[in-house]
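# Kindly return the folded structure for what I paste below:
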Amino acid sequence: MLENISIEEIIFIDIETVPLASEYNGLNEKWKQLWEHKMRFQATNDEPAEVLYNRAGIYAEFGRIICISAGYVTQKNGDLYFRVKSFYDEDEKTLIQTFFDALKALAKAGKRRLCAHNGQEFDYPYIARRALVNNVLLPGIFDIAGSKPWEVKDQLIDTLQLWKFGDYKHYTSLSLMCELFNIPTPKDDINGSQVAQIYWEEKDIERIVRYCEKDTLAVANLLLKYKGDKIIPMENMVVV
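Numbering: from 1, shown residues only. A predicted model of the protein is given here:
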């Protein structure tokens, strides 16, 4: 499969998400009940629902997107470069719509595939679900109802699924994959577990955006490693 895919036709993405409210007590009673019901089937150590609320951002029903970074590979004088743009807005609907508009424009330029790490279980469905919640029409690449599994995998590439080689139980983080393949890690400032705190308490969206952009480059470099190609150095990342 990989030998038939040009790296320059892929858009590499990463998203950052946070809980809908800054803390459990910020929810109304109905949402508290819904969260508690959800956690009955997710909690493993009998922790109370309010303690587990820091996990809410990973569920599209209880969280929202605060940043989507999207990048693609270009060549200049034989060297590879990575151009990345981030979409972030306090209004999630505006954020998603702007991202979808960019996807449509890039598709006209021949970039019709997406790639993310753990995209099939997180990034892709999360974006689609939050789009529906915000009454935003899905672009063709996300409108996969009725598509064959191989058609979905062809347009929504997942570096984690490629690494699994059919092993459904195996999960490997992007950080571990970077270390394994000697890819400069994007985790040099914050990690995913700190995003909600930085967003709600420090209100530093720019720091989160930079972190998200580095992740997209890491995913691109991981796919380049899979293809047996040289990686793109961090200094060749261009933020637009």
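
# okay, CA-based contacts and neighbour counts for the rest of this
Noted.

# remind me which residues of the protein are low pLDDT?
1, 43-45, 144-153, 186-189 (pLDDT under 70).

# Export only the CA atoms of the helix or strand Leu160 falls within, formatted as PDB.
Leu160 is part of helix 159-164 when elements are defined by DSSP states H and E. Extracted in PDB, the C-alpha atoms of helix 159-164 (Å, rounded to 0.1, in the frame of the first residue of the first chain):
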ATOM      1  CA  THR A 159       0.100   5.300  11.500                       C
ATOM      2  CA  LEU A 160      -0.900   3.300  14.600                       C
ATOM      3  CA  GLN A 161      -3.100   0.900  12.600                       C
ATOM      4  CA  LEU A 162      -0.200   0.400  10.100                       C
ATOM      5  CA  TRP A 163       2.100  -0.500  13.100                       C
ATOM      6  CA  LYS A 164      -0.400  -2.900  14.500                       C
END
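
# Which helix runs longest in the chain?
Taking DSSP state H as the criterion, the chain has its longest helix at helix 205-226.

# can you pull the alpha-carbon coordinates of that helix into PDB?
Taking C-alpha atoms only, helix 205-226 is exported to PDB below (Å, rounded to 0.1, in the frame of the first residue of the first chain):
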ATOM      1  CA  ILE A 205      -3.600  28.400  23.600                       C
ATOM      2  CA  GLU A 206      -0.500  29.400  21.700                       C
ATOM      3  CA  ARG A 207       1.600  26.900  23.700                       C
ATOM      4  CA  ILE A 208      -1.000  24.200  22.900                       C
ATOM      5  CA  VAL A 209      -1.000  25.100  19.200                       C
ATOM      6  CA  ARG A 210       2.800  24.800  18.900                       C
ATOM      7  CA  TYR A 211       2.600  21.400  20.600                       C
ATOM      8  CA  CYS A 212      -0.100  20.200  18.200                       C
ATOM      9  CA  GLU A 213       2.000  21.400  15.200                       C
ATOM     10  CA  LYS A 214       5.000  19.400  16.300                       C
ATOM     11  CA  ASP A 215       2.800  16.300  16.600                       C
ATOM     12  CA  THR A 216       1.800  16.600  12.900                       C
ATOM     13  CA  LEU A 217       5.400  16.700  11.900                       C
ATOM     14  CA  ALA A 218       6.100  13.600  14.000                       C
ATOM     15  CA  VAL A 219       3.300  11.700  12.300                       C
ATOM     16  CA  ALA A 220       4.700  12.700   8.800                       C
ATOM     17  CA  ASN A 221       8.100  11.600   9.800                       C
ATOM     18  CA  LEU A 222       6.800   8.300  11.100                       C
ATOM     19  CA  LEU A 223       5.100   7.600   7.800                       C
ATOM     20  CA  LEU A 224       8.300   8.500   6.000                       C
ATOM     21  CA  LYS A 225      10.200   6.000   8.200                       C
ATOM     22  CA  TYR A 226       7.600   3.300   7.300                       C
END
